[in-house]
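Asker: Make a model of this:
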Amino acid sequence: QVQLVESGGGLVQVGGSLRLSCAASGITFSKYVMGWFRQAPGKEREFVASINRSGDLTTSADSVKGRFTISRDNAKNTVYLQGRSLKPEDTAVYYCAARRFALGNRVNDYGHWGQGTQVTVSS
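Answerer: Prediction:
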């Protein structure tokens with residue numbers, strides 16, 4: 001059974017930083033592309049970043065480019081999302097997701113999802 005478990009969310013001040021983790025089990029982690037998405041209240045789930053299987057290719061949304069970094073440790077079956085210079089509009093539930101093969105930036109590209117972790121950016 002595939003399990004993706006996010007951690008690291010919480011309350012962060014404007015301009016602060018975060019580091020989210022997502023631990024995977026039930027899959028051969030190194031064979032999966034991993035992605036981060038987020039969903040703010042009343043809004044659709046949106047793409048944040050994705051990383052290929054070997055970790056040497058990433059993509060990210062324009063809204064977080066230069067502020068958020070996705071990385072992975074295949075030995076630990078874990079994908080990370082580091083963010084800095086956080087803004088109130090970064091407030092959302094953050095989800096990690098897994099898919100086979102190519103990078104993807106659409107919700108429907110991913111077949112496996114975690115339960116999400118709340119990030120609140122407050123002034």
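
Asker: and the most centrally placed residue in the chain, backbone torsions?
Answerer: In the chain, the C-alpha closest to the average C-alpha coordinate belongs to Trp36, at a distance of 2.4 Å (C-alpha atoms, centre = their mean). Main-chain dihedrals, Trp36, degrees, to the nearest 10: phi -120, psi 140.

Asker: Could you do Ser30 as well?
Answerer: phi -70, psi -10.

Asker: now do the one 4 residues further on
Answerer: Main-chain torsions, Met34, degrees, to the nearest 10: phi -120, psi 140.

Asker: Pull the contacting residues for it.
Answerer: 22, 24, 50-51, 70, 72, 79, 96-98 (C-beta atoms under 8 Å, 6 or more residues apart in numbering). Just so you know, the C-beta spots here come from the backbone N, C-alpha and C atoms, and that holds for glycine as well.

Asker: Report the beta-bridge partners for it.
Answerer: Ile51, Ala98 (DSSP bridges).

Asker: Check what pLDDT it gets.
Answerer: Listed pLDDT for Met34 reads 98.
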